[in-house]
Each structure stands twice: as structure tokens, then as C-alpha cells.
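Visitor: sequence? don't have it. structure:
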């Protein structure tokens, strides 16, 4: 089963292909996603890397958590599922 990793504290200059190349040292990378800031279109400083197996994900965590990339120590851990947040701001107002 594939495991999705959170990779934080990324330098803004890093690309998806560079991350894929780095994490492939730990195993097979299924995907790399780097969310962009909606206002500026620039990277937000974190990414999600999906590894093929739990063992490869654990290897990647051991290899790259604290790994210094362009002067910044990476934070790598298993990504947590995002909690559901409130709706679109259309609450009912009692009058």
C-alpha cells in the first residue's frame, strides 16, 4: 500500500523533479505534489511525496528527516489526513 509523506521546510527553489530524484534514493516514488500559493502562484514551502510501500516510506523518513537541502533541514513524516473544516461561510442567522 502506498504511503504519502509530508515534506516541510522546503527551499522555494526546489522543483518536483528534484524532489522525485532525491526521494527515489529510498525507493519508488509514485507522485510528488507541491501546492502553490493561490495569490502568488509560488510554492508554499512544502510537498507531498507518495512512496510505493510503507517500508520505502519509512526508509525515506529515516534518510531525509533533518536532511539539509539548500541550507534548510527538511521535516519528513507520514502525511496526516486533512480534517474536514466548516462549510463555505453560509451559516444560518437567527433573526
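Guide: Received it, and whenever you're ready, just let me know what you need. Computed from a predicted model, the values in this text were never measured in an experiment. Numbering: from 1, shown residues only.
Visitor: tell me what the helix of greatest length in the chain is packed against?
Guide: Ranked by residue count and defined by DSSP state H, the top helix of the chain is helix 54-64. Here helix 54-64 touches strand 3-8, helix 16-23, strand 46-51, strand 75-78, going by 3 or more C-beta pairs under 8 Å, 6 or more residues apart in numbering; DSSP states H and E. Glycine gets a C-beta too; all of them are placed from N, C-alpha and C.
Visitor: got a markdown table for those, with mean pLDDT too?
Guide: What follows is the helices and strands packed on helix 54-64, written out as a markdown table (pLDDT from 0 to 100):
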| stretch | mean pLDDT |
| --- | --- |
| strand 3-8 | 97 |
| helix 16-23 | 97 |
| strand 46-51 | 98 |
| strand 75-78 | 98 |
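Visitor: nearest to residue 34, out of those?
Guide: strand 46-51 (4.4 Å; C-beta to C-beta).
Visitor: ok, now which ones touch residue 60?
Guide: When contacts are counted by C-beta atoms under 8 Å, 6 or more residues apart in numbering, residue 60 is found next to 5, 23, 26, 27, 49, 51, 76.
Visitor: hang on, the earlier thing: residue 69 is nearest to which of the helices and strands packed on helix 54-64?
Guide: Among the helices and strands packed on helix 54-64, the nearest to residue 69 by C-beta to C-beta is helix 16-23 (7.5 Å).
Visitor: residue 18: neighbour count?
Guide: By other C-beta atoms under 10 Å, the residues close to residue 18 number 15.
Visitor: do you know how far it is from residue 57?
Guide: For residue 18, the distance to residue 57 (C-beta to C-beta, to the nearest Å) stands at 19 Å.
Visitor: residue 72 and residue 11 touch, don't they?
Guide: Yes: counting by C-beta atoms under 8 Å, residue 11 is a contact partner of residue 72 at 5.2 Å.
Visitor: count the neighbours of residue 75 for me.
Guide: If we define neighbours as other C-beta under 10 Å, then residue 75 has 15 of them.
Visitor: the chain should start at 54 in everything you say after this.
Guide: Right, with 54 as the first residue, what we last looked at is residue 128.
Visitor: so it bridges to which residues?
Guide: Judged by DSSP bridges, the bridge partners of residue 128 are residue 61.
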